[in-house]
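Enquirer: Sequence isn't available, so here's the structure alone:
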C-alpha cells in the first residue's frame, strides 16, 4: 500500500514537472515574439549565468541535473 502511494506521488510530481517545462518553453517562445513580456528569457539567462559563475561546482550541478532529467 505504501509503495502504491509513493508511486502515485512520483507520478503526480513527474506530471507537474512536465507541465512546468512546457510552460517555460511557451514562455520563452512568447518572449521571443513579444519582447519578453513575462521575463522568462531574462530568468533563463540569469540561471545560466549562475551556473557559469559557479565554476566547477556549477558545471557539476549542471551535469547532474542533465543526467537526472535524461534518466526520467
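Expert: Alright, I've got the coordinates. Since the model is a prediction, treat every value here as computed from it, not as a measurement. Numbering: from 1, shown residues only.

Enquirer: Scan the helices and strands of this structure for the one with the lowest mean pLDDT.
Expert: In the chain, no helix or strand scores lower on mean pLDDT, DSSP states H and E than helix 55-71, which sits at a mean of 81.

Enquirer: Going by neighbour count, which residues of it are buried?
Expert: Within helix 55-71, no residue counts as buried by 16 or more other C-beta atoms under 10 Å. All C-beta atoms are positioned from the backbone trio N, CA, C, and that covers glycine.

Enquirer: So what touches it?
Expert: Contact with helix 55-71 is made by 50-52, 54, as judged by C-beta atoms under 8 Å, 6 or more residues apart in numbering.

Enquirer: Please apply the same query to stretch 39-54.
Expert: Counting by C-beta under 8 Å, 6+ apart, stretch 39-54 makes contact with 24, 27-28, 30-32, 36, 58-59, 61-62, all of which sit outside it.

Enquirer: just how off-centre is it within its chain?
Expert: Centroid separation for stretch 39-54 versus its chain: 12 Å, with C-alpha atoms, centre = their mean, to the nearest Å.

Enquirer: So the residue sitting nearest the centre point of the chain: helix, strand or coil?
Expert: The C-alpha lying nearest the average C-alpha coordinate of the chain belongs to residue 21 (C-alpha atoms, centre = their mean; 5.8 Å). Following DSSP: H, G, I helix; E, B strand; the rest coil, residue 21 is assigned to helix.

Enquirer: Quick check: which ranges of this structure have low pLDDT?
Expert: Within the chain, the segments meeting pLDDT under 70 span 71-72.

Enquirer: buried ones in stretch 19-32?
Expert: The neighbour-count check on stretch 19-32 (16+ other C-beta under 10 Å) flags 27-28, 31 as buried.

Enquirer: now those residues in TSV, with distance to residue 45?
Expert: Formatted as TSV, those follow (distance: C-beta to C-beta, whole Å):
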residue	distance to residue 45
27	13
28	11
31	11
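
Enquirer: Those residues in strands, which ones?
Expert: Of the buried residues of stretch 19-32, none are assigned to strands by DSSP state E.

Enquirer: and of these, the nearest to residue 7?
Expert: residue 27 (30.4 Å; C-beta to C-beta).
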